[in-house]
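Asker: Need coordinates for the following:
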Amino acid sequence: MTRHVAAQQVERRLGFVEFVVLIAALQALGALSIDSMLPNLPAIGASLGVMDENRRQLVITAYLLALGVSQVVYGPLADRFGRRPVLLTGLVIFVAFSLLATLAPTFELLLLARALQGVGAAACRTITVSVVRDRYVGREMARVISLTSMVFMAVPIMAPALGQLVLMVASWRWLFGLLGLVGAALLVWTLTRLPESLHPEDRLPIQPRRIARAFATAALNRTSVGYILGQAFLFGGLLGFITSAQQVVAEALGAGDRFPLIFAICASFIAVASLLNARLVMRLGMRRLSHAALLGYVAVAAVHLAVVLSGHETLAVFVVCQAATMFCFGLASGNFGAMAMEPMGHIAGVASSFQGFVSMVGASLIGFAVGQAFNGTIVPLEAGYLLCGLCALAAVLTAEDGRLFQPHEVDGAPCGSPAE
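Answerer: Numbering: from 1, shown residues only. You can find the predicted model right below:
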């Protein structure tokens, strides 16, 4: 059955809009589990006796690392048993360990529950990418990814405010209970509405040699790896901000009471970029759009670092530069992911897990390093952004054989065609 016919079948069952919203909601579960924590880190630390502010960042990092590592397992399982059962299992795991986090009496047990939450959420990230790749290709795939990213990015805009609201009326523990309820709702929605996207004849047995060959194929494709690494570096810079955002805004900028608003303003620019990308990618192509955004990311980081080092940083300057950085990230990241998956249609499950593993684990380690470097100033954050942007540029240049803005021939389609 062709991918086009399969996509039509999905749209008849739940509609294109519902499909996009469900995929976005599943992906957003991870963002909700991260960003809603940010205003609660001081309360969690105070409640569980963690006085080192940088150590509290482990509540974020433990989740992210487990989410990244687990994706290696989900890919082969999804190729063998289908997308739906693996996704449902991940949601069950997420709900169960959200409950454990709610009850955790020590910081160490909370970190364990957070890591296992990440194991469950990893299924949402890996399987949704595979489902989209099962149904769409080329610029149409990039359009779907951009639309899901647009809905997905509404969560970081609202999540810190949600976390702050929970803290105003109840203990931080109730936030984990709320995450469990959201996970349960998505479990029911997926169970009742999302059909299987992997056809029985396309299922692959779990054979170590075959899986190793598939991972080798994904790891040795220069274009795919280049864009995966580019995505990891850009996301790593962003995670450096996310892990230390509460400290940056409260300590370096003295605006802790306005943290949810500041975070929402900055994060909204990723949603704006994703919306624009969904409209422009069909006309301009993934490479032209994302390469321009990457150069913008580097330029903004360089200018902002210069401003900080010159001693002219203000809250307004920070918000403008951070919003511009997130806007560039929004235009680049989704397209990088689509271009990394484009040559991997025959091993979509393994490829998406490989992509998720490299990009998430790499970004988590980078973000952790940047966050741990926080010293009461914005210098480590902006230096991290600039270094990550330059590394991403090097990765993309390697993927493109030293050329930027050049459409490629994909799956037999001519350069500049919708399959680019």
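
Asker: Which residues are in contact with the residue nearest to residue 240 when sequence neighbours are not counted?
Answerer: Closest residue to residue 240 in three dimensions, ignoring its sequence neighbours and counting by CB to CB, 6 or more residues apart in numbering: residue 370, at 2.8 Å. (Each C-beta comes from the backbone N, C-alpha and C, glycine too.) Counting by CB atoms under 8 Å, 6 or more residues apart in numbering, residue 370 makes contact with 236-237, 239-241, 243-244, 380-381, 384.

Asker: element containing residue 370, please.
Answerer: According to DSSP states H and E, residue 370 maps onto helix 348-372.

Asker: Following the chain onward from that helix, which element is next?
Answerer: Following helix 348-372 in sequence, per DSSP H and E, is helix 379-399.

Asker: Check which residues of that following helix are buried.
Answerer: 379-389, 391-393, 395-399 (16 or more other CB atoms under 10 Å).

Asker: just stretch 206-218 next, same as before
Answerer: Of the residues in stretch 206-218, 211, 214-215, 217-218 count as buried by neighbour count, 16+ other CB under 10 Å.

Asker: neighbouring contacts of that stretch?
Answerer: Outside stretch 206-218, the residues that reach it (CB under 8 Å, 6+ apart) are 76-77, 80, 204, 224-225, 344, 347, 350-351, 354-355.

Asker: for those residues, which one is nearest residue 54?
Answerer: residue 355 (29.5 Å; CB to CB).

Asker: Now do the contacts for the closest one.
Answerer: Residue 355 makes contacts with 129, 218, 224, 228, 231, 337, 340-341, as judged by CB under 8 Å, 6+ apart.

Asker: can you tell me how far it sits from residue 74?
Answerer: Distance, residue 355 to residue 74, by CB to CB, to the nearest Å: 12 Å.

Asker: Just the angle for the helix or strand that residue 130 is a member of relative to helix 348-372, thanks.
Answerer: Using DSSP H and E, the element containing residue 130 is helix 107-135. Counting by axes from the mean of the first three to the mean of the last three CA atoms, to 10 degrees, helix 107-135 lies at 140 degrees to helix 348-372.

Asker: Tell me the buried residues in helix 107-135?
Answerer: Neighbour-count burial for helix 107-135, counted by 16+ other CB under 10 Å, picks out 107, 110-135.

Asker: same question, stretch 243-258
Answerer: Buried residues in stretch 243-258 (16+ other CB under 10 Å): 243-253, 255.

Asker: so where's the stretch 101-250 of the chain shaky on pLDDT?
Answerer: For the stretch 101-250 of the chain, the stretches flagged by pLDDT under 70 are 138, 146, 149-153.

Asker: for it, what spans make up the helices?
Answerer: For the stretch 101-250 of the chain, applying DSSP state H, counting those that start in this stretch gives helices covering 107-135, 138-152, 154-169, 173-193, 208-220, 222-247.

Asker: Now tabulate the ones you listed in JSON lines and tack on distance to residue 312.
Answerer: Below are the helices of the stretch 101-250 of the chain laid out as JSON lines (distance: least, CB to CB, whole Å):
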{"stretch": "helix 107-135", "distance to residue 312": "38"}
{"stretch": "helix 138-152", "distance to residue 312": "33"}
{"stretch": "helix 154-169", "distance to residue 312": "27"}
{"stretch": "helix 173-193", "distance to residue 312": "37"}
{"stretch": "helix 208-220", "distance to residue 312": "44"}
{"stretch": "helix 222-247", "distance to residue 312": "20"}
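
Asker: Relative to residue 330, which of the ones you listed is closest?
Answerer: Proximity to residue 330 (CB to CB) singles out helix 138-152 among the helices of the stretch 101-250 of the chain, at 7.1 Å.

Asker: Next one, pLDDT for residue 5 please.
Answerer: You'll see residue 5 listed with a pLDDT of 51.
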